[in-house]
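**Student:** Sequence isn't available, so here's the structure alone:
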């Protein structure tokens, strides 16, 4: 089931996660309605908010969005963060043919946040998503799927 959330990716074009199973309600922020990002636990009612939501509410002097307590406080919750990062999901490029499934915490590695050649990636257990659209490294300005770069270079680039 897909859930709108762009919070764990640094990639703005990645806005939907396709979870293998629907995440528990406790893994969603009641303000953003997205999967918790950098979870904070409120001291007043022990509910969770995403860091961005908490900081925005605190800056604007708003009460706790769950119990409505004025001047509430909240602290980071590493246990909840581990739970959220362990949620299973599919690659956002599944419709294009990618079969990867893994934990939310491994998604950035799969999407090639780090540059590795195939031998290094295999040795390290990191994989580039071949179905991701990337900028042509030959400066023609086009975006093509990573798996089509060599063909693109030989047939379309000057």
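**Tutor:** Good, I have the coordinates. Since this is a predicted model, take the numbers as computed values, not measurements.
**Student:** Break down the chain into its helices, ranges please.
**Tutor:** 51-59, 78-85, 107-110, 118-124, 149-155 (DSSP state H).
**Student:** Can you lay out those helices as TSV showing mean neighbour count and distance to residue 71?
**Tutor:** Every residue, glycine included, has its C-beta placed from N, CA and C. Shown next, in TSV, are those (neighbours: other C-beta atoms under 10 Å; distance: least, C-beta to C-beta, whole Å):
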stretch	mean neighbour count	distance to residue 71
helix 51-59	17	9
helix 78-85	15	23
helix 107-110	19	36
helix 118-124	11	47
helix 149-155	12	54
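**Student:** Now render those as a markdown table, adding distance to residue 36.
**Tutor:** Formatted as a markdown table, the helices of the chain follow (distance: least, C-beta to C-beta, whole Å):
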| stretch | distance to residue 36 |
| --- | --- |
| helix 51-59 | 9 |
| helix 78-85 | 5 |
| helix 107-110 | 15 |
| helix 118-124 | 28 |
| helix 149-155 | 36 |
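**Student:** quick one: which of those helices is nearest residue 35?
**Tutor:** Closest to residue 35 of these, according to C-beta to C-beta: helix 78-85, at 6.0 Å.
**Student:** Cool, thanks, talk later.
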